[in-house]
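1. sequence first, then the predicted structure:
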Amino acid sequence: ILYKLNISILTDCAGNTNENIETQFALPQQAESGDILINEILFNPKVGGVDFIELVNTSNKFINLQNWKMANEKEGVIDELKTITTQNIIIKPKEYKVLTENTETLRTHYPLSNHPSFITVDLPSMPDESGILILLNDAEETQEKISYHEDWHNPLLRETEGVSLERTHPQSDGLSQQSWQSGVKASGYASPGLTNSNYFEQTTNTEIVKIEPEIFQPLRGNPAFTTISYVLDRNGLTAKAEIYDYEGRLIKTITNQETVANTGSWVWHGDQNDGTKARDGFYTLFLQLFDTSGFVKTLRKRIVIASP
């Protein structure tokens, strides 16, 4: 429970006065099963990198992580029990905490992440091939158990070192491959401390691809570029985006086989693959979205480079 304390006038022994002091404090509550979950993991870091485990508080409670523990499981037995912290560390409702053995290294490798959420801890071992991780509360009761495997990564990725596995939704089954997706390029292939790039909430929205503005002038226009933005109704997709001229010739590859999140964008400045400016006229964006299940969707949008 969160409380607010307001002090109208505060005077010390020397007669110094402060007015209108306001602060907040919370009384932590006991966690129940499903309140704190494992939301993202990195088990095969880049060379010189570190593993991490991201926790999320899915509840509306303030929960103290003091004396909570992480462990792995070997042959059905809990092993390498590690205390997360002996200090009072509160995880707020909907907040993330990222457990890692070197916060500075993790910050360097993932500069887009939420650094204040990082906690330096001694983690159980996380083999690069596969494993099982267990989160236990201060009474050493299991709160969450998840599994992972290197084969759960997007098979279209050429390299998986430094690529996290993100849970598509906190309430999905952490032991199922279907609940995990590889981190995407736009987030640096991991999103520690932030909403997962692959987070997916089923809605009634349909897929949307927008070109804004549809007509633009490179170098002289305002803006001098166009933005290709998208909202997708499924996750785990790979994208190829290309620009063709009116004769059907490929003039610009925007991206090729990029794993994408549910929302995102690219920018085109009217340049061609050889670095020169494209001529004025009509162009077509060819966007292909696909995954390893055989799903393929192709979208086409018009783009116009206007005359000065």
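-> On my side now, so go ahead.

2. from here on, just use CA atoms for contacts and neighbour counts.
-> OK.

3. please state the backbone phi and psi of the closest residue to residue 137 other than its chain neighbours?
-> Excluding the flanking residues, the one nearest residue 137 by C-alpha to C-alpha, 6 or more residues apart in numbering is residue 68, at 4.5 Å. The phi/psi pair for residue 68 (degrees, to the nearest 10) reads phi -70, psi 160.

4. quick check: residue 68 touching residue 141?
-> No: taking contacts as C-alpha atoms under 8 Å, residue 68 lies outside contact range of residue 141: 9.3 Å.

5. look at these two and report which has more neighbours.
-> Remark: of residue 68 and residue 141, residue 68 carries more neighbours, 19 against 13, as counted by other C-alpha atoms under 10 Å.

6. circling back to that earlier point, quick one: contacts for the residue nearest to residue 137?
-> 83, 84, 85, 135, 136, 137, 138, 139, 140 (C-alpha atoms under 8 Å, 6 or more residues apart in numbering).

7. burial check on the first one, number of neighbours?
-> As a burial measure, the neighbour count of residue 83 was computed by other C-alpha under 10 Å and equals 20.

8. verify the stated contact: it with residue 134.
-> No: with contact defined as C-alpha under 8 Å, residue 83 does not reach residue 134; the gap is 12.0 Å.

9. what residues are shared contacts of those two?
-> With C-alpha under 8 Å, 6+ apart as the test, residue 83 and residue 134 both reach residue 70.

10. quick one: buried residues of stretch 7-27?
-> Buried residues in stretch 7-27, counting neighbours by 16 or more other C-alpha atoms under 10 Å, are absent.

11. for that stretch, what is the average pLDDT?
-> Confidence for stretch 7-27, expressed as mean pLDDT, is 78.

12. any chance of the contacts of residue 68 in a markdown table, plus secondary structure?
-> Formatted as a markdown table, the contacts of residue 68 follow (DSSP: H, G, I helix; E, B strand; the rest coil):
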| residue | secondary structure |
| --- | --- |
| 83 | strand |
| 84 | coil |
| 85 | coil |
| 135 | strand |
| 136 | strand |
| 137 | coil |
| 138 | coil |
| 139 | coil |
| 140 | coil |
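
13. so which of those is the closest to residue 21?
-> Each of the contacts of residue 68 was checked against residue 21 using C-alpha to C-alpha; the closest is residue 85, at 30.9 Å.

14. so the closest one touches residue 67, yeah?
-> Yes: counting by C-alpha under 8 Å, residue 85 touches residue 67, with 5.6 Å between them.

15. need the residues touching each of these two.
-> What both residue 85 and residue 67 touch, as defined by C-alpha under 8 Å, 6+ apart, is an empty set.

16. now the strands for the stretch 1-150 of the chain?
-> For the stretch 1-150 of the chain, strands defined by DSSP state E, counting those that start in this stretch occupy the ranges 2-11, 17-26, 36-42, 52-57, 63-64, 69-74, 77-83, 90-91, 96-100, 118-120, 130-136, 142-149.
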